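> Build the 3D model from these lines:
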Amino acid sequence: MRIAMWSGPRNLSTAMMYAFGNRADFAVVDEPFYAAYLAQTGLAHPMRDAILAAQPQDPKTVISALLGPVPGGKPHFYQKHMTQHMLPEIPRDWLAQMRHVFLIRHPARVIASFAAKYDGLTLSDIGFAQQTELFEQMRSEGAAPLVIDSYDIRQDPEAMLRRLCAALRLEWDPAMLCWPAGGHKDDGVWAPHWYGAVHRSTGFAGPEGELPHLSGALAKLAEAAMPHYQRLYAERI
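The predicted structure follows:
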């Protein structure tokens, strides 16, 4: 099984990669299109030069690896993807060979977290519109994509991960609930900038509190993202 997990930034995506990466039967890969995305957009993300040097910048090279032998000879391959990385120029014919899961999070939480580390956010940066577009593409092609909300996972990690495994027809493994502190060997080179909290963790954080208050441009951005979130929220498992 090759699972493409589609998320925007500042979601539960790294913790989910750690959960699957702690299974003995899964290899994982961390945002394999990041360098290609930066090369094509010219965006000045933190650690840009290191990312461009660490990953292939040609999307076709990335796709070949995603479809090739699973690293470590493992039976299954978990691929952590950011929806905003899937630019129109990147081929999509490979998507038919994946099981697709869409990881969603309320826009207010995403924006409050991302804005603390990156200035000048736009709707394209946070991936909500691209997530809806990819979901609708998968649905139209009969791929039966799944949707899971990070809020639900943090409310009850075991129940939600059991539900996800059942929907994927994957045997449940309690190893998904905890992992060693300090990060994963397959973390992207950008991990020192973005993954501080999850590196200190050994499992999923507890339930989320009240929604953060946003004002001004950030509030308008959340309002623009909400229809996309609500579309997928209605499909969550």
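
> Helices of the chain, residue ranges please.
With helices called from DSSP state H, the chain shows them at 13-21, 34-41, 48-54, 59-67, 107-115, 123-126, 128-140, 150-155, 157-168, 191-194, 196-200, 216-233.

> Please identify the deepest-packed of those helices.
With neighbours taken as mean count of other C-beta atoms under 10 Å, the helices of the chain reach their highest mean count in helix 13-21, at a mean of 24. (C-beta placed from N, C-alpha, C; glycine too.)

> other SSEs contacting that one?
strand 2-7, strand 26-30, strand 76-82, helix 196-200 (3 or more C-beta pairs under 8 Å, 6 or more residues apart in numbering; DSSP states H and E).

> Now do the buried residues in the second one.
For strand 26-30, burial by neighbour count (16 or more other C-beta atoms under 10 Å) applies to 26-30.

> Same list (those) but as JSON lines, adding pLDDT and distance to A234.
What follows is those, written out as JSON lines (pLDDT from 0 to 100; distance: C-beta to C-beta, whole Å):
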{"residue": "F26", "pLDDT": "98", "distance to A234": "29"}
{"residue": "A27", "pLDDT": "98", "distance to A234": "32"}
{"residue": "V28", "pLDDT": "98", "distance to A234": "29"}
{"residue": "V29", "pLDDT": "98", "distance to A234": "30"}
{"residue": "D30", "pLDDT": "98", "distance to A234": "29"}
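
> And the helices of the chain: which comes nearest P91?
Set against P91 and scored by C-beta to C-beta, the helices of the chain come closest in helix 59-67, at 6.5 Å.

> what bridges to the residue most central in space within the chain?
Nearest to the geometric centre of the chain sits S7, at 3.4 Å (C-alpha atoms, centre = their mean). S7 has these beta-bridge partners by DSSP bridges: M82.

> Hmm, it is touching G127, no?
Yes - here S7 reaches G127: they are 7.3 Å apart, a contact under C-beta atoms under 8 Å.

> shared neighbours of those two, anything?
Applying C-beta atoms under 8 Å, 6 or more residues apart in numbering, one finds that S7 and G127 are jointly contacted by 82-83.

> just checking, E31 touches Q84?
No - in this structure, E31 is not within contact of Q84 by C-beta under 8 Å, at 10.4 Å.

> got a list of what the residue nearest to Q130 when sequence neighbours are not counted touches?
Using C-beta to C-beta, 6 or more residues apart in numbering and skipping residues adjacent in sequence, the residue nearest Q130 is T83, 4.0 Å away. T83 makes contacts with 6-8, 127-128, 130-131, 134, as judged by C-beta under 8 Å, 6+ apart.

> Tell me how far the closest residue to E171 other than its chain neighbours lies from Q55.
Nearest residue to E171 in three dimensions, chain neighbours excluded: C165, at 6.9 Å (C-beta to C-beta, 6+ apart). Distance, C165 to Q55, by C-beta to C-beta, to the nearest Å: 29 Å.

> Was I right to think D149 contacts R105?
Yes - contact criterion C-beta under 8 Å: D149 and R105 qualify, at 7.1 Å.

> Of those two, which one has the most company?
R105 (25 against 21; other C-beta atoms under 10 Å).

> who are the neighbours in contact with S124?
Counted by C-beta under 8 Å, 6+ apart, S124 has contacts 84, 130.
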